[in-house]
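**Student:** Take this sequence and fold it.
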Amino acid sequence: MKKIVIIGDGSITKMVREIINLRNEYKIVAVLDDKYKGECFFKGGVCFASIENFEFMLSDYYYFIAIGNNERRQEIFEKLAKPHEKYPNLIHPAAIISPNAVIGFGNFIMAGAIINVDASIGNQAIVNSACVIGHDAVLRDFAQVSPGTVITGYVQLGNGAYIGANATVLPDITIGKWSITGAGSTVTKDVEANAVVIGTPARLMKYRKSLVR
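**Tutor:** Just a heads-up that it's a prediction; the model follows:
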């Protein structure tokens, strides 16, 4: 089995570990999170330690960043400076993915997600449970769509864009990088970078200050 190190130990890590167990391709050797201090301690044969644990950072393992915050996920990815190929996609066996979809590296695709023909998912993105990604839609790096989201055809999500639960984005719309779309919203027109939009139809509430470029 291939050895993998999980970065982060929160709610997403629970789902990540479940998918790894279902796929039976990787063996978790460590879970690294800043909430752990001091030396590595073992539980169930897995080391729990700080992200700063250099033994695992300098090793030739596979890695998965199990952190929901898009900006923090990018920060850790850049800090680790590992090639994309070291980050496997973790895809629940109950997800449905077109053979013509393009999937990058380090993506987390959960149960019930549907990714349609000619859709494109970048790297380190999260596609949550029961999401629909329409044909020819594009999710760029570090983007995240929450449970029940519908991304229709030809939609473009910029880097780090976040779509809240049960939101719908209508066809051929561009969602700017590091923007936030509130839960239950219906997006009927383009959303600018760093904008926060809410409602049906979605309206601009404010602009946020992104911590990353």
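
**Student:** lowest-pLDDT helix or strand in the chain?
**Tutor:** Across the helices and strands of the chain, mean confidence by mean pLDDT, DSSP states H and E is lowest for helix 54-57: a mean of 68.

**Student:** Going along the chain, name the helices of this protein.
**Tutor:** Using DSSP state H, the helices of the chain run over residues 11-23, 54-57, 70-80.

**Student:** now the end-to-end length of stretch 21-36.
**Tutor:** The first and last residues of stretch 21-36 sit 23 Å apart, counting by CA to CA, to the nearest Å.

**Student:** contacting residues for the spatially most central residue of the chain?
**Tutor:** Geometric centre of the chain, nearest residue: I126, 2.4 Å, by CA atoms, centre = their mean. Residues near I126 by CB atoms under 8 Å, 6 or more residues apart in numbering: I12, G68, N107, F108, A143, Q144, V145. For the C-beta atoms, the positions are set from N, CA and C on the backbone; glycine is no exception.

**Student:** So the residue lying closest to the fourth one once chain neighbours are set aside versus N166, what's the distance?
**Tutor:** Of all residues beyond its chain neighbours, the one nearest F108 is I126 (4.9 Å), with distances taken as CB to CB, 6 or more residues apart in numbering. Taken as CB to CB, to the nearest Å, the spacing of I126 relative to N166 amounts to 16 Å.

**Student:** Repeat that for V197.
**Tutor:** Noted for V197: a distance of 15 Å to N166, by CB to CB.

**Student:** and if you look at N70?
**Tutor:** Per CB to CB, N70 is found 19 Å from N166.

**Student:** Of the two, which one has the most company?
**Tutor:** Each of N70 and N166 has its neighbours counted (other CB atoms under 10 Å); N70 has more, 25 against 16.

**Student:** So that one sits against G158, correct?
**Tutor:** No. With contact defined as CB atoms under 8 Å, N70 does not count as touching G158 (10.9 Å).

**Student:** The residue lying closest to L22 once chain neighbours are set aside: neighbouring residues, count only.
**Tutor:** Sequence neighbours aside, P93 is the residue nearest to L22 in space, at 5.7 Å (criterion: CB to CB, 6+ apart). Look at P93: counted by other CB under 10 Å, it has 8 neighbours.

**Student:** any idea which of the helices of the chain scores lowest on pLDDT?
**Tutor:** Sorting the helices of the chain by mean pLDDT places helix 54-57 lowest, at a mean of 68.

**Student:** Identify the residues contacting Y87.
**Tutor:** Applying CB under 8 Å, 6+ apart, the residues near Y87 are Y62, Y63, F64, I65, F77, F105, G106, N123, Q124.

**Student:** where does the chain dip in pLDDT?
**Tutor:** 54, 57-58, 211-213 (pLDDT under 70).

**Student:** hang on, isn't K206 packed against I198?
**Tutor:** No. Using CB under 8 Å, K206 is not in contact with I198, being 9.8 Å away.

**Student:** neighbour count winner among those two?
**Tutor:** I198 (17 against 10).

**Student:** Could you give the bridge partners of that one?
**Tutor:** R203 (DSSP bridges).

**Student:** now it: how far from I103?
**Tutor:** 30 Å.

**Student:** Please apply the same query to M205.
**Tutor:** 32 Å.

**Student:** for G158, same thing?
**Tutor:** In terms of CB to CB, G158 sits 18 Å off from I103.
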